[in-house]
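Participant: sequence-free structure coming up:
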């Protein structure tokens, strides 16, 4: 069993597991942090940005974190754990010769589609007159400023996919439900479990009858909107692959939400606007819910909230129809029947308005001061670019970063100098190291495998020994482009014994509680399932028409003799011989045992601890009689 | 003998309450309860339940109950044809030991859905055109939504102005449920719900009891569906006297209800207080029932490939007909027990054990050899410890139990008349065996001995008779058959060497 590690980004994993003749890809995240090295894509030509010195280029060069480690066309299935971890799917399903099946839950697919749709929309609506690719030439890349100069394999950086590719990729997904058991080629069973992080987010169990691998990716133990994490089903794992922990281990999500609300209120009360760069699904639901409870008490009832995204409406609508994927509280609401999320009421009362972009209706409805939720959180493309330009000059305004995926300082760099206030409230509900160690104690996997980043404190806080995984035996770590041999050996496989065969078995008790039965059976294997059937009955010889040849007597399907074990007590053996009519018996002692002589029959029986040798004349009757007497003292295997 | 037992308590040859008791693998399961679709639920360590989409009403499901390798599928009510708001029932080739299916429409093959819909719309349209009022008694869930979608799209298309009302209370709430449970409806509705939620009706408004007296045409959906009480009955009494009006009964009515009476042609109804209500309005019946018909039932049996079928929910006579059809077409036994009658199905589950990978791989590798056509025997030892069954090679079994192998060896003396030297005798034995035993490996070793597979043959001089040689044939217990065969072969002597 091997694990091919194709991504070095711990929260956007991409691993391939080879297990019992199946090749399973676990997630395919798209690492977009490299976009931070480029300038923003403005909606309207901005004189300031285009006059900035340096390299003014950026397109949807998305960076697919993979290598030539493995031929992706050999991947049988892809398991998706949450919608953030499927953003590279079109690159794999459309451009590698992949012919397998992708498994994901319905919310993962629907929301994943929205995220991709938003990304494609953001990139496509600012077509570039020309796209720069010359810089990828090694001689030029060498001359570029630092992060680009050092970037590896830039020639494999690709343009953003199209909606057509997205649809084609998504059509290869088969929907699954939590705890559903999916058979892969009869060899392996995979099961998604609730991971508590996002709508429809899952951890996966990959198991055969004797081995169990748990894949934990993006899990949360906090009570937010999704169904709670299923921890119990992770027990008894041979290997637990752990990815997708919190990116901000030192920040408490609850505290951050509080800070978010108070900063928002403060800015708006002073007449400023608030910009929240965000993804169109996920934490935004929780933020809206907090604001729903907060705005009246904070006196913000008259402040408009705008949610601007090509998929804003869909995201808000979809969130309301996935009741069975929500936490218990929200689930009970739909039986009233009431929408599970209170943003329905915010929309109804016109406190929250959503628009596909800042063109059109929004420009006429727009009132200030206001709060705007919009993407992309990297600040490199999407409507957020415009708002940064618009509001950046006034110190009344505030930008509040809640998404943890991008460094906010780097995101802000091209907009400097900025007058607007910048607040960093990263909300990452994924597991922190305290929760991980609690989880591992609870589920007790034999081995833990994780990205190397988790086995040492973060570089910026090298003294914080608590910010790493601590378990026994120590976790096996991987880095990008490594192949790990997982530390267990398969020893057993399931086989079915047909009832007729089972009936014919004769068990005998060898030791208290342990019984044995020798089995001689015909093995049938089909679709990786093994069945034992009773041996065929020996065919009766039919008449004497044909002259029998000597070799015909040897059966085609001979019944193999069992192994023997035990030892022969000489005295009792001699008694048995006498009882069976042998006389004139003489026993001699030797160095290792005894020799029993049957003088009349000219027969010699050597008996030692672990062997018996019968030497006699060619008298088959005699030999068989002696054999049966010996066998009475031995056990058969 | 393991078996599956099924006892219907309320659905055997009977349409009505449903309750079926199943005993499988030592577990008792009472059928008819709610659960989520497409989920496996490990109820305990052994009992496993999986739900399939049934398409009967919103949230309807079929269940597979599995204990070890034995399984039963219970369909509940299901519908094999998608309608305007639900998808079709579906099941995979799960090959259960038993499929328990409803058979409400055991002998009916319904005409096409399109025809019935067209018929319904035509009737409603005609009534409205002539200025009549149309009453459609419904139950809150299921058909009501189906008919609403139908009328809504028709009104839109025909640009009709007559108001459509929905009786307040349950049905309105039901529509709300539908909006929140969009994921359970059919593909088309799910795909388009963001742009247009099919359950947000533009033309259908909430009903107020005062509206019933408004002049002009209108269509009203009112509960309950059998006209036995409540709002639908109230409206019926108001409108029954006018021949321009129409009542459309979209479902089955129980005997004794007003709905049943008017459907059986009664036109003078005795109401409470000795009042007699004369029914002049048009009475229509339209079947929009969402049960599988005979074709649908056969289709499901074909999909699931069960070992046997058991029919519940239906009338004995019709079930008998379907039973024969199933037995003929699928060659499986079919049962239709009455209430309280128990059907016992013997099963013969195979026994899962763990086979050591070494043994399995050795066996599979040999299966790839050229003579693999011959049935090959796998030999091993089954170790049973508590409930843990493992099949290992005999050598491994001995090793695991800390036992040594006891070797049993035989050596037989065969006397041959041959005055030649021992080496020459051995040579003759070798060439004889080589020519006779074509399928075995016969070798002549440098030390003068001959081997056939692992059987050793040595020639020695006789101590007394120089004209006789003694062949010592030696083999282990495991090679007994070949060994004993060889001795009898050699006893017959060697063929005379060509001189």
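Facilitator: Received the coordinates, thanks. Note that the coordinates shown come from a computational prediction; the quantities given were computed from them, not determined experimentally. Numbers count the residues shown, from 1 in each chain, chains lettered A, B, ... in the order given.

Participant: my guess is residue A:595 is in a strand, correct?
Facilitator: Yes. Per DSSP: H, G, I helix; E, B strand; the rest coil, residue A:595 lies within a strand segment.

Participant: so residue A:30 makes contact with residue A:87?
Facilitator: Yes. Using CB atoms under 8 Å, residue A:30 is in contact with residue A:87, at 3.6 Å. Every C-beta, even on glycine, is put in place using the N, C-alpha and C of the backbone.

Participant: Which positions within stretch A:384-404 qualify as buried?
Facilitator: Within stretch A:384-404, the residues scored as buried using 16 or more other CB atoms under 10 Å in any protein chain shown are A:384-389, A:391-392, A:396-404.

Participant: again but with stretch A:232-244, I slipped
Facilitator: A:233, A:234, A:237, A:238, A:239, A:240, A:241, A:242, A:243, A:244.

Participant: Where strands are concerned, which of these count?
Facilitator: A:239, A:240, A:241, A:242, A:243 (DSSP state E).

Participant: residues in contact with the third one?
Facilitator: Shown in contact with residue A:241 (CB atoms under 8 Å, 6 or more residues apart in numbering or on different chains): A:3, A:15, A:17, A:26, A:213, A:214, A:215, A:216, A:217, A:449, A:450.

Participant: Domain map for chain B?
Facilitator: B:3-109+B:290-346, B:113-285, B:353-401, B:409-492 (the TED database).

Participant: mean pLDDT lowest for which of those?
Facilitator: Mean pLDDT is lowest for domain B:353-401 among the domains of chain B, at a mean of 81.

Participant: any bit of that one sitting next to chain A?
Facilitator: Yes. Using CB under 8 Å from any CB of the partner chain, domain B:353-401 reaches chain A at B:353-357, B:360, B:363-364, B:367, B:374-386, B:390-391, B:394-395, B:397-398, B:401.

Participant: Residue A:30 and residue A:87: which has the busier surroundings?
Facilitator: residue A:30 (25 against 22; other CB atoms under 10 Å in any protein chain shown).

Participant: Would stretch B:437-448 count as contacting chain A?
Facilitator: Yes. Judged by CB under 8 Å from any CB, stretch B:437-448 comes into contact with chain A through B:437, B:438, B:439.

Participant: Stretch A:593-603: end-to-end distance?
Facilitator: 17 Å (CA to CA, to the nearest Å).

Participant: buried set for that stretch?
Facilitator: Those would be A:593, A:594, A:595, A:596, A:598, A:601, A:603, for stretch A:593-603 by 16+ other CB under 10 Å.

Participant: for chain A, what's the longest helix?
Facilitator: helix A:106-124 (DSSP state H).

Participant: Quick one: mean pLDDT over it.
Facilitator: Here the average pLDDT along helix A:106-124 is 93.

Participant: What residues of it count as buried?
Facilitator: So, applying 16+ other CB under 10 Å, buried residues of helix A:106-124: A:106-123.

Participant: so where is the stretch 151-300 of chain A shaky, pLDDT-wise?
Facilitator: Within the stretch 151-300 of chain A, the ranges that satisfy pLDDT under 70 run A:151-158.

Participant: For it, which residue gets nearest to chain B?
Facilitator: Going by CB to the nearest CB, chain B is nearest to residue A:177 of the stretch 151-300 of chain A, at 4.2 Å.

Participant: which phi and psi does that residue have?
Facilitator: phi -110, psi 160 (degrees, to the nearest 10).

Participant: Quick check: it touching residue A:103?
Facilitator: No. Residue A:177 lies out of contact with residue A:103 (CB under 8 Å); the separation is 10.8 Å.

Participant: which residues are common contacts for these two?
Facilitator: residue A:192.

Participant: Of the residues of stretch B:437-448 next to chain A, which is the most crowded?
Facilitator: Of all those, the highest neighbour tally under other CB under 10 Å goes to residue B:437, namely 19 neighbours.

Participant: Please tell me how far it sits from residue B:428.
Facilitator: Relative to residue B:428, residue B:437 is positioned 15 Å away (CB to CB, to the nearest Å).

Participant: just to revisit the earlier point, cross the contacts of residue A:241 against strands and list the overlap.
Facilitator: A:3, A:15, A:17, A:26, A:213, A:214, A:215, A:216, A:217, A:449, A:450.

Participant: on that earlier part again, let me have the contacts of residue A:241 in TSV, extended by neighbour count and distance to chain B.
Facilitator: Listed next are the contacts of residue A:241 as TSV, based on neighbours: other CB atoms under 10 Å in any protein chain shown; distance: CB to the nearest CB, whole Å:
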residue	neighbour count	distance to chain B
A:3	21	20
A:15	22	25
A:17	23	19
A:26	24	21
A:213	27	17
A:214	24	16
A:215	30	18
A:216	29	20
A:217	30	21
A:449	22	23
A:450	23	28
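
Participant: tell me which element residue B:73 falls in.
Facilitator: Per DSSP states H and E: residue B:73 is located in strand B:70-74.

Participant: Run the contact check for that strand versus chain A.
Facilitator: No. Using CB under 8 Å from any CB, strand B:70-74 stays clear of chain A, with a minimum separation of 11.9 Å.

Participant: in its sheet, what does that strand sit against?
Facilitator: Using DSSP bridges, the strands paired with strand B:70-74 are strand B:61-67 (antiparallel), strand B:98-102 (parallel).
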